[in-house]
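Participant: the sequence isn't on hand, but the structure is:
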């Protein structure tokens, strides 16, 4: 099977998740002027718009040098949405929780260094694979015979799934 032309690293990450037979989940800063989604979505979700790009839905997705255009349903109404690459700052595999955070695309008030629910990046990290806390699926409850993981162990496990890339290009 011939792979479609890849326009951006975010596009490649989405494509890789689809090729694995899974659903990509992206997080978008919908407050940006160049993002086209219904106004009530911008108001309600702001910088934390989470979208599942489920291939079983007729997405009519197109990718270009500028970003994604996709048909999405909000409150039962399908809308053609425009999502510039710079508005997308998290891409993860909904099934595995693995993904990427594009640090340079993070909304200013959502940066990893200042967000109270996310730990700061480690000081002096030069690698593009710094561990960070990012959205991840909620783990299934432990079976009755298993000892539940401590919150520190769970946090370390989730952080290991993500890498930060700088710039997205």
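Facilitator: Cool, the structure landed. These figures come from a predicted structure and were not determined experimentally.
Participant: who does the longest helix seen in the chain touch, helix- and strand-wise?
Facilitator: In the chain, assigned by DSSP state H, the helix with the most residues is helix 9-19. Packing partners of helix 9-19 (3 or more CB pairs under 8 Å, 6 or more residues apart in numbering; DSSP states H and E): strand 24-28, strand 88-93, strand 99-102. Every C-beta, even on glycine, is put in place using the N, C-alpha and C of the backbone.
Participant: direction included, what does the longest one pair up with?
Facilitator: Here strand 88-93 is paired, per DSSP bridges, with strand 24-28 (antiparallel), strand 99-102 (antiparallel).
Participant: now do the longest one against helix 9-19, angle only.
Facilitator: Computed with axes from the mean of the first three to the mean of the last three CA atoms, to 10 degrees, the direction of strand 24-28 lies at 150 degrees from that of helix 9-19.
Participant: which regions of this protein sit below the pLDDT cut-off?
Facilitator: Along the chain, segments meeting pLDDT under 70 span 1-4, 110-169.
Participant: 80 instead?
Facilitator: Across the chain, the ranges flagged by pLDDT under 80 are 1-4, 109-169.
Participant: rewinding a little: could you dump the helices and strands packed on helix 9-19 to a markdown table with mean neighbour count?
Facilitator: Formatted as a markdown table, the helices and strands packed on helix 9-19 follow (neighbours: other CB atoms under 10 Å):
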| stretch | mean neighbour count |
| --- | --- |
| strand 24-28 | 24 |
| strand 88-93 | 23 |
| strand 99-102 | 22 |
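Participant: let's have those strands in CSV, adding distance to residue 64.
Facilitator: Converted to CSV, those look like this (distance: least, CB to CB, whole Å):
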stretch, distance to residue 64
strand 24-28, 16
strand 88-93, 13
strand 99-102, 18
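Participant: would you map the helices across this protein?
Facilitator: Ranges of helices in the chain, per DSSP H, are 9-19, 39-45, 151-159.
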